[in-house]
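Undergrad: all I have is the shape, not the residue letters:
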């Protein structure tokens, strides 16, 4: 795959600016909080994505490059053992220094050097790393929004990240099944466009006959599950899920709060009354699976999802750029085809564990640590969400989280199989 | 599937007797220890398998049946939420009562009642449950051997479960690859013979071209991995596996002990000098996977394993009945075909997470809790082991454990893919 | 202090026999359970007390003495760092071997050697260690009864250690205060009789004017505290105690069970209906202190308790030899003087932390680890209990447990100060 | 005790200003970090001390007082159950809002209202609470310095709180013992000046003959203990201390770092080379006690310390106002009398557990929660330190921490007893 240097500089600038835009509504204090080990302070995201370019592009590729502080090498290393020691992940919230302002200076320092490098005639393999770095930073943009939402949700003052415009009510699409015949299909990324290594190689999969829900499960539907004792009846739950429900005292999706007999939902626009027409969001795989069993359905395999998605013509859906930062009810207007909201709005849990495609090869060196080493005890999610930059998303994109994760923007799309033939 | 009552009574008696034989070399104290939460006291296994027949066969099926103690209903319930409360799993080792002798009386009581029931003309659906109960007890026989091995291993006195005859040395088979072409294959159980629900339905899978090792990885080969810094080099490890290695201080398979510069291995015959020709045993999935990466190979998918196994003519291999209770070096003599030790000796880790086959339906009622609810964060193992009763095993049998489990009799068989075409 | 060898041999035999009598009603399985880290299997107590004589008397003092198993040296070492490594305390319940029968053989082996040694003309300093060993074993006799009570209490079958005779009802003594004037008193052990090092040196303490309850707090009185919301009102509790109450969900003393609206109490004679006239038992220091605050009183300092106890003429009270194994209501009949049940029945929490008396010197060598190293974060209890051998007890005896301990036989005696003058 | 309102307003202003001065060198991010559960963000200290005046003075005492945010009532409540719910202590570091700036506004709001109230003719009992609030805020000033030191110490960038002037070298005082005869002494606070309730009532204590070190243990002396295997030899340690040493991997005082073979010490002025003449600092009680045992000495009882301190003429020593923020070597110049550095520089561990004086009565209502409920499992420290405001300190002042605490400014002063007579 070849990356051209003028366009990549534009891309670089645009993506770096987008990160700055994300922290624009925030105070310095907001950017140094780690509200759980999975969350990183936003300041850390800003520095780590910068560190990525410094470590994998500037240090090897720009002669004479000087880092502003050599201690950043381990401080902002996330998990690259090949690069060296890493500051303990669970202690990222203990770092008041470098301050937010100092991190912005670090970004500027690296941006200047990147400009120099990209204005020259850089090695093509280096350009490939820059392109990876750009996608890496886009991934962190979604994480930044997930993380600040979690940080604010732990604060009893219910801070608002950004006020939301009141949307016009959209009619909820009538639930329906869309049927797909059994067949031998191709799955995975082909061609020379950018993709992560875990999307390759393209390969054949035999897919049974299945039906997919034409839209995401709504809050109203999920409320019926709750009201039917969903969180109190072990028969719907995976054994491990049931243990988590009991240990953590779950009785609703993350960010739902019951006040009196009215449910509210904490959003990036603050605490809002629950809207039954909206897709349900921030459920774990355990909850998605339990809801599906309660509905006498399944979640789709990722090969089903990709098969269905390939039939669609455009991405549609609500991505980060829409500014909604919350899944939209209905979504009929933004999606063409019988399947609504396949792209954007929310990541859809599949029932496929995240494993290597047959013939998968991880990249060599440090960047080989990007994806392959996480292929254990995680589930695949598909489709992108309202916090995903649109240019970051692809139909073959494989997102993954542990079954208990609830802070990503997750959703439920039901599936049925008509039996192996 | 129809079970005939005379043969099932024989089968019942044989299997019940086999459990008694397993505890024959033990003292009452040996049978009440729980050396980690995964382990159950052997006395508990004896009672729980009895409880299974009492709960699912006698109570519903034998009019007038009286339990010796109604408190056993929750005390010996493992995980059947539909039956009711369960005594806490992690506290099974706190129960000195019922004593070993009282548990044997409980077994006799239930055996007598089962004899009465089976001598009559029981309902065919009840007979199916009896058959399931027989297989259930066989599963627990393997667990009993795994568990007593772990119990004894924690005792600095190195107790011996049963002395082993010195075997004649067998020549180690020369390592080789066996190649399989890509194809659309059928996987899973068909026909009316007994199987667990998780082996169904039979279904089609597209399998890439692959090569399978003709024998299991040996202790000698694994030692090379250790000596090459295998446990010190993160590049070979899944991220989660690396964390476990560091947190638990793993530096060799479970039951290996380094004394001076000589490795010993704790076995059911006590502490023995490490034999480099034996298959390596009691490795976690993390270790199996790291060894495979170090070897620039993969572990097989379960569909690869089943495809390869279908080519073989007989089970061969060392099962429980052989009395070895330990994997045998070589195994050439016991296996026909190019692939050695596919059946028996050791369970082989596959890289397939344990999930439902397409179209899977769990049984109704309590027995539906048998398999389906564990389909999350576990890996499939195939092939049976030296602690598995031979009549319990099938080619389509899917065993499963979490990636960190080391106390089952596990092994490594390497695999290579030649790339998707 | 000089110990005479004939009498010490008698003493030795009597105490060794008493341990055997304690395990007489038990099954081998009962003796190998560790129901919480504080508890040791009874078999372990039998072996450890034997180890004490072997390690500190026979090995140094009997030429040619052979241990039956050199691995017992670390296996049955409790906490003597000077002797060497110790098998992990929390794993004592993992040891099925040596079996109960083998431990009895170990005892016999050591008893035979001790007989030989004591029949000779042993070194006086060795005789002092034998005497210490005898008292050490008596301490463990009380622990054995505490521990088997805890083990049985975790078993839903409510096993009975020994049936209790129904006692004749005794009239409850009318509650009253007994007043003591301020004075400079002597506290601690003097003279040449045996005592533990922590009871020395005798020293002067200035004691304020105080009043002591003439009897122990009863279950009935404690029930009033519960019914007044005692476990729900933080104002009565030490900060640390309140945290424990919430974290552990305490709502009554250990071994109390509410069935419907009737309280039962688990005892060594099985589950019994609560008797409001009995002294309340198995409360932590936190609970004793909270009850005292609720009563607008204090717990006594240990110097107050000893001052009051010195006024009494005889030990009286229920010790192990009475066979009650449970505190007796009233106790008027067995105690002379205005203060009832000062000795025996139950250990009384004082509000004095366990620290060294001024001028305290620990013994030299391993035996110096006996008491001194535990002088931190423990509270002193005084008076002996129904599981304490009578000959083990002294007026100056200082028992000690962490503030959260509930499995010792503990009690509450209220105290008031009239203000410093 | 009567407090006069003009002087109290001055006092109030001075103390409030002093808090502002403490945070002056810091960035907003520095003030929102919680580096361990014991530490609170500095912003939280600023708000909580303000909340104290709002809750206990303004709400009851200033008609028409309006809080800027009613949610602060629980958010900034530390541990006053009588006031209501408290935001979880361990989550104080999750609060980016209110921001540092908003907290300063809250302080101004309360200061204005306090000015109004104190300019009037407030109730004398209210003035007593104001005085308590002033001392409360001074306590938190010391905590703020302890906490920011801990926060900065966890940051690999070694931030500097405030540069320290290089002091002129002072000659280290020659070690010597100062002897005190046995006697019946008065201990505790008398008179009408302000004190905390735990310093009362004054009462008599019989004190044995003892000797006290004329100066604090130095880093150089402590280094000898380390080099003699102090952290590797269990014979010097309390049992509980030894466990902590092993579990936490302690091998030196907190804030010591070994680089090559040179020790450095992290201070509020950044990382400095260890000065062997300085008093050793930031040791736990366990370490202080182990050092004393290694020295064949004891730590003093608090009654010994107070007896010795009463012989001194002035406070002397380095308090917060000196600006050193670190213990000074020697200290001969600042102390009169044979005992150096009794006041200021460092808190001296006593071997006395923190318990109520005989006749102690806690205050009524919420303020009764100030001291009494912590009287369990803590040790008394005496003498004040370089982070204690001088006007906050008294000779009878009883500071207290758990035996494992190392982040307070603690020290060792050796003691010897010549035996009870």
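TA: Structure received. Remember, predicted model here, so these are calculated numbers, not experimental data.
Undergrad: any idea what sits nearest residue A:395, other than its immediate chain neighbours?
TA: Spatial nearest neighbour of residue A:395, excluding adjacent residues (Cβ to Cβ, 6 or more residues apart in numbering or on different chains): residue A:309 at 5.3 Å. Every C-beta, even on glycine, is put in place using the N, C-alpha and C of the backbone.
Undergrad: quick check: that neighbour touching residue A:348?
TA: No. Contact criterion Cβ atoms under 8 Å: residue A:309 and residue A:348 do not qualify, at 9.9 Å.
Undergrad: and for these two, which residues touch both?
TA: Residues touching both residue A:309 and residue A:348 by Cβ atoms under 8 Å, 6 or more residues apart in numbering or on different chains: A:342, A:382, A:383.
Undergrad: for the closest residue to the first one other than its chain neighbours, give its distance to chain B.
TA: To tie it back to what came earlier, the one meant is residue A:342. For residue A:342, ignoring the flanking residues on the chain, the nearest one in space by Cβ to Cβ, 6+ apart is residue A:309 at 5.2 Å. Going from residue A:309 to chain B by Cβ to the nearest Cβ, to the nearest Å gives 19 Å.
Undergrad: next, count neighbours for residue A:309.
TA: 19 (other Cβ atoms under 10 Å in any protein chain shown).
Undergrad: residue contacts, it?
TA: Neighbours of residue A:309 in contact, by Cβ under 8 Å, 6+ apart: A:339, A:342, A:343, A:382, A:383, A:395.
Undergrad: in the stretch 151-300 of chain A, what residue is nearest chain D?
TA: residue A:154 (4.6 Å; Cβ to the nearest Cβ).
Undergrad: so residue A:134, which of the three states?
TA: Following DSSP: H, G, I helix; E, B strand; the rest coil, the label given to residue A:134 is helix.
Undergrad: wait, residue A:138 sits on residue A:14?
TA: No. Using Cβ under 8 Å, residue A:138 is not in contact with residue A:14; the gap is 10.1 Å.
Undergrad: these two - which one has more neighbours?
TA: Per other Cβ under 10 Å, whichever of residue A:138 and residue A:14 has more neighbours is residue A:138, with 22 against 12.
Undergrad: so which helix or strand takes in that one?
TA: Per DSSP states H and E, residue A:138 falls inside helix A:124-153.
Undergrad: so what's residue A:202 up against?
TA: A:186, A:187, A:188, A:189, A:190, B:420.
Undergrad: quick one: neighbours of residue A:264, just the number.
TA: 16.
Undergrad: hmm, it is touching residue A:272, no?
TA: Yes. Residue A:264 lies in contact with residue A:272 (Cβ under 8 Å); the separation is 6.4 Å.
Undergrad: okay, helices next: where are they in chain A?
TA: A:5-23, A:42-53, A:59-61, A:72-75, A:100-119, A:124-153, A:219-227, A:239-248, A:285-294, A:302-309 (DSSP state H).
Undergrad: tell me how far residue A:341 lies from residue A:172.
TA: 12 Å (Cβ to Cβ, to the nearest Å).
Undergrad: more neighbours: the two, which one.
TA: residue A:341 (27 against 16).
Undergrad: what's the pLDDT at that one?
TA: Looking at residue A:341, its pLDDT is 89.
Undergrad: can you check the one 3 residues further on too?
TA: In the predicted model, residue A:344 carries a pLDDT score of 94.
Undergrad: how far away is it from residue A:318?
TA: 5 Å.
Undergrad: these two: which has the busier surroundings?
TA: residue A:344 (28 against 25).
Undergrad: surely that one meets residue A:389?
TA: No. Applying Cβ under 8 Å as the test, residue A:344 and residue A:389 come out as separate, 10.7 Å apart.
Undergrad: hey, what's in contact with both of these two?
TA: residue A:319.
Undergrad: my guess is residue A:97 meets residue D:155, correct?
TA: Yes. Using Cβ under 8 Å, residue A:97 is in contact with residue D:155, at 5.7 Å.
Undergrad: just the pLDDT for residue A:100.
TA: Reported pLDDT for residue A:100: 98.
Undergrad: for the closest residue in space to it that isn't next to it in sequence, give me its contacts.
TA: Excluding the flanking residues, the one nearest residue A:100 by Cβ to Cβ, 6+ apart is residue A:28, at 4.0 Å. Contacts for residue A:28 (Cβ under 8 Å, 6+ apart) come out as A:99, A:100, A:101, D:27, D:28, D:29.
Undergrad: what does residue A:113 give?
TA: A:54, A:58, A:62, A:65 are the contacts of residue A:113 under Cβ under 8 Å, 6+ apart.
Undergrad: would you map out the domains in chain A?
TA: A:5-153, A:177-417 (automatic domain parsing).
Undergrad: CSV please, covering those and showing distance to residue C:120.
TA: Formatted as CSV, the domains of chain A follow (distance: least, Cβ to Cβ, whole Å):
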stretch, distance to residue C:120
domain A:5-153, 62
domain A:177-417, 62
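Undergrad: could you give the number of residues near the nearest residue to residue A:394 once chain neighbours are set aside?
TA: Residue nearest to residue A:394 in three dimensions, not counting chain neighbours: residue A:195, with 6.1 Å by Cβ to Cβ, 6+ apart. The local packing of residue A:195 (other Cβ under 10 Å) involves 18 other residues.
Undergrad: so residue A:195 touches residue A:189, yeah?
TA: Yes. If you go by Cβ under 8 Å, residue A:195 and residue A:189 touch, sitting 4.1 Å apart.
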